[in-house]
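Engineer: Here is a sequence with its predicted model. Questions after.
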Amino acid sequence: MAGGFAVDAKVAGGRREFKGKITWYVWLCGLVAATSGLMFGYDIGISGGVTSMDDFLLSFFPAVYARKHRARENNYCKFDDQRLQLFTSSLYLAALAASFVASILCTRFGRKRTMQAASAFFLVGTGLCAGATNLAMLIVGRICLGVGVGFGNQAAPLFLSEIAPAHIRGALNILFQLDVTIGILIANIVNYFTSNIHPAGWRYSLGGAGVPAAVLFLGSLVITETPTSLVERGRRDAGRATLEKIRGTADVDDEFDEIKSACESAAALVEEEKPFKRLRRRESRPPLVIAIAMQVFQQFTGINAIMFYAPVLFQTMGFKSDGSLLSAVVTGGVNVLSTLVSIVLVDKIGRRKLLLEACVQMLIAQCAVGGIMWVHVRANNNPSEGWAVAIVVLICVYVSSFAWSWGPLGWLIPSETFPLETRTAGFSFAVSSNMLFTFLIAQAFLSMMCYMRAFIFFFFAIWIVLMAAFVVALLPETKGVPIDEMVDRVWRRHWFWRRCFADADAAKIDSYC
Ligand SMILES: OC[C@H]1O[C@](O)(CO)[C@@H](O)[C@@H]1O
């Protein structure tokens, strides 16, 4: 997804600079494409607030509404309802399926057309959700939005990587992740205001997704296709003309030659062996295992439990409806600002240090929240105001560390560790793993909270210990390593992963890799 930005930063960072300036047109294209991230983030942020609105529950989930208002109902189980969870999670299941289709569409029809299709699905899905009169309409709408997310998440980051001049490719690509966090924040603010509008507040919340969807749709009519996609599909002249336009110069021979040769060698390798088959080779395992593990771990930090259900969680902790949405706005703001921190630090202090520091910070925060909840939020009583504020502060501490580490690096590392011949296929694996685990957490979290109570936080804390161990033992530092030198400079030198390569000594080749 965030594919290629480290790759290209390395190119810009030392070995090769192409001519051309940063044109207004490249920024326009980048801003339009990043809107897809805004859509994704808005969807993540909006569902939790909507599912805590009484008008919404009364319309679609009356049993949950009744339970929520029953005085003696167990605090942890108020929102435990599989159909309510399906409202949130159906989107991610649809996105998971759509991401496989999207990689084919991106190759056959191009990134721009795939983004257009994404925005069309977003618009239809938004209309169905905002106008829903029954549960089926609502779920079908969520599925359309999910298809939009699957298409957009595959096409937009690829598009950004391909149009950006090498030396700002990282910045343009992080724009997508930044837009995700801004989308979540906007959704939290929208929910805060619409929760006071009765009875249709939830319709405005869900309908708000139409704004970025419309921007993406209209914008995608004026942006260009990427030169790489044009050349890949045999339209060399159009590819060259587009490159000249986005670079603002006719002097693009070097860059155009590189695009052509990358497309030619990729085509030759694909002819010889399909990328997905190549991924099954022993030497593909290190980046593949790491791509999947980064996504699984990213989700098992528990971040989306907070992102989807922050308002519900805050209500569980005893905040009133308004207070809980306000708290979610605070965590959303921390998320945006901390993502900016990661842009500044990632190439200075490296990936491993950021990930490990965040593990410590998240572990302390999770255990502290779990402890406070265990002692002060028993089944039927709420914490005092002081403890409730302490919980919000700790959740901010937790969110900030996630946002400068596992959030962006969950995308960055898989994007920079695959060799060119398996990069797109390998990366689409990472996207779909993310969707799968996002879905699982969305579907399971409220039930888990009901059964595990405060121990849910210790459950995630155990995962954080595991992921720290994984980073220490198996994740090599990739800061500053040129993308095309990963195999020689990283994998073949790593104490464990080097056994996956044919030139490892015989004993090691035979052992498990
Ligand atoms: O900012 C947090 C959000 O960012 C993501 O990692 C996507 O890049 C989501 O899984 C999460 O909800």
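Structural biologist: Alright, I've got the coordinates. Numbers count the residues shown, from 1 in each chain.
Engineer: quick one: which helix or strand includes the one residue in the stretch 1-150 of the chain that gets nearest to the ligand?
Structural biologist: As assessed by Cβ to the nearest ligand atom, the ligand sits closest to residue 44 within the stretch 1-150 of the chain, at 4.6 Å. The C-beta positions use only the backbone N, C-alpha and C, and glycine is treated the same way. Here residue 44 sits within helix 24-51, counting by DSSP states H and E.
Engineer: Show me what the helix or strand that comes right after that helix is packed against.
Structural biologist: For helix 24-51, the following helix or strand on the C-terminal side (DSSP H and E) is helix 54-60. Here helix 54-60 is seen to pack against helix 62-69, helix 201-207 when contacts are counted using 3 or more Cβ pairs under 8 Å, 6 or more residues apart in numbering; DSSP states H and E.
Engineer: and if we set it to 10 Å?
Structural biologist: helix 24-51, helix 62-69, helix 82-109, helix 135-163, helix 201-207 (3 or more Cβ pairs under 10 Å, 6 or more residues apart in numbering; DSSP states H and E).
Engineer: So which bits of the chain are right by the ligand?
Structural biologist: 44, 177, 180-181, 184, 298, 303-304, 307, 335, 403, 407, 410, 438 (Cβ under 6 Å from any ligand atom).
Engineer: From these, which land in helices?
Structural biologist: Within the residues of the chain next to the ligand, residues falling in helices by DSSP state H are 44, 177, 180-181, 184, 298, 303-304, 307, 335, 403, 407, 410, 438.
Engineer: So which of the residues you listed wins on neighbours?
Structural biologist: For these, neighbours were counted by other Cβ atoms under 10 Å; the highest total belongs to residue 180, with 30 neighbours.
Engineer: Residue ranges in the stretch 251-400 of the chain under the pLDDT threshold?
Structural biologist: Across the stretch 251-400 of the chain, residues meeting the criterion (pLDDT under 70) sit at 308-313, 316-325, 377-383.
Engineer: Closest residue of it to the ligand?
Structural biologist: When distances are taken as Cβ to the nearest ligand atom, the stretch 251-400 of the chain reaches nearest to the ligand at residue 307, 4.2 Å away.
Engineer: Thought residue 334 was touching that residue, still the case?
Structural biologist: No: applying Cβ atoms under 10 Å as the test, residue 307 and residue 334 come out as separate, 11.8 Å apart.
Engineer: Which neighbours do the two have in common?
Structural biologist: Between them, residue 307 and residue 334 share these contacting residues under Cβ atoms under 10 Å, 6 or more residues apart in numbering: 181, 399, 402.
Engineer: Show the pLDDT at the closest residue to residue 307 other than its chain neighbours.
Structural biologist: Closest residue in space to residue 307, ignoring its immediate chain neighbours: residue 44 at 5.2 Å, by Cβ to Cβ, 6 or more residues apart in numbering. According to the prediction, residue 44 has pLDDT 85.
Engineer: which residues does residue 44 contact?
Structural biologist: Under the criterion of Cβ under 10 Å, 6+ apart, the contact list for residue 44 reads 88, 91-92, 149, 180-181, 183-184, 187, 303-304, 307-308, 438, 442.
Engineer: gap between residue 269 and residue 301?
Structural biologist: The span separating residue 269 from residue 301 equals 35 Å under the rule Cβ to Cβ, to the nearest Å.
Engineer: out of the two, which sits in the busier spot?
Structural biologist: When residue 269 is set against residue 301 and neighbours are counted by other Cβ under 10 Å, the residue ahead is residue 301, at 27 against 16.
Engineer: Going along the chain, name the strands of the chain.
Structural biologist: Assigned by DSSP state E, the chain shows no strands.
Engineer: Might you name the residue of the stretch 351-500 of the chain sitting closest to the ligand?
Structural biologist: residue 407 (4.7 Å).
Engineer: in the stretch 51-200 of the chain, what spans have low per-residue confidence?
Structural biologist: 71-80, 166-171.
Engineer: Let's see that with 80 instead.
Structural biologist: Low-confidence segments of the stretch 51-200 of the chain, defined by pLDDT under 80, span residues 67-83, 85, 100, 157-158, 160-162, 164-174.
Engineer: how about the nearest residue to residue 90 once chain neighbours are set aside, what does it touch?
Structural biologist: Beyond its immediate neighbours in the sequence, the residue positioned closest to residue 90 (Cβ to Cβ, 6+ apart) is residue 142, lying 4.5 Å away. Shown in contact with residue 142 (Cβ under 10 Å, 6+ apart): 43, 47, 86-94, 125, 128-129, 132, 206.
Engineer: roughly how far apart are residue 350 and residue 164?
Structural biologist: Using Cβ to Cβ, residue 350 is found at 23 Å from residue 164.
Engineer: same question, residue 22
Structural biologist: In this structure, residue 22 lies at 9 Å from residue 164, with Cβ to Cβ as the measure.
Engineer: which of the two has more neighbours?
Structural biologist: Neighbours were tallied for residue 22 and for residue 164 using other Cβ under 10 Å; the higher tally belongs to residue 164 (26 against 17).
Engineer: ok, for the more buried one, nearest residue in space, not its chain neighbours?
Structural biologist: What sits nearest to residue 164 in space, not counting adjacent residues and going by Cβ to Cβ, 6+ apart, is residue 172, at 4.1 Å.
Engineer: Count the neighbours of the nearest residue to residue 221 once chain neighbours are set aside for me.
Structural biologist: The shortest distance from residue 221 to any residue other than its chain neighbours is 7.8 Å, reached at residue 116 (Cβ to Cβ, 6+ apart). With neighbours defined by other Cβ under 10 Å, the count for residue 116 comes to 20.
Engineer: residue contacts, residue 116?
Structural biologist: So, once contact is read as Cβ under 10 Å, 6+ apart, residue 116 ends up touching 109-110, 151, 155, 216-217, 219-221, 223.
Engineer: same thing with residue 291?
Structural biologist: Taking Cβ under 10 Å, 6+ apart as the contact definition, residue 291 lies against 279, 410-411, 413-415, 417-418, 426-431, 433-434.
Engineer: pLDDT check: weakest of the residues you listed?
Structural biologist: When these are compared, residue 415 shows the smallest pLDDT, 75.
Engineer: okay but that residue is in contact with residue 428, surely?
Structural biologist: No: applying Cβ under 10 Å, one finds residue 415 not in contact with residue 428, separated by 11.3 Å.
Engineer: More neighbours: which of the two?
Structural biologist: When neighbours are counted by other Cβ under 10 Å, residue 415 and residue 428 differ, and residue 415 comes out ahead with 27 against 24.
Engineer: Without its sequence neighbours, what residue ends up closest to residue 246?
Structural biologist: In this structure, residue 246 finds its nearest non-sequential neighbour in residue 26, 5.0 Å apart by Cβ to Cβ, 6+ apart.
Engineer: Local confidence estimate at that neighbour?
Structural biologist: For residue 26, the pLDDT comes out at 92.
Engineer: quick one, what contacts the residue nearest to residue 350 when sequence neighbours are not counted?
Structural biologist: Leaving aside its sequence neighbours, residue 350 sits nearest to residue 479 (Cβ to Cβ, 6+ apart; 4.0 Å). Taking Cβ under 10 Å, 6+ apart as the criterion, residue 479 is in contact with 6, 10, 346-354, 416.
Engineer: on that earlier part again, out of the contacts of residue 116, give me the two with the largest separation.
Structural biologist: Taking every pair in these and measuring Cβ to Cβ, the maximum separation is 17.7 Å, between 109 and 219.
Engineer: between the two, who's got more neighbours?
Structural biologist: Each of residue 109 and residue 219 has its neighbours counted (other Cβ under 10 Å); residue 219 has more, 20 against 16.
Engineer: Just to check, that one is in contact with residue 39?
Structural biologist: No: if you go by Cβ under 10 Å, residue 219 and residue 39 don't touch, sitting 11.9 Å apart.
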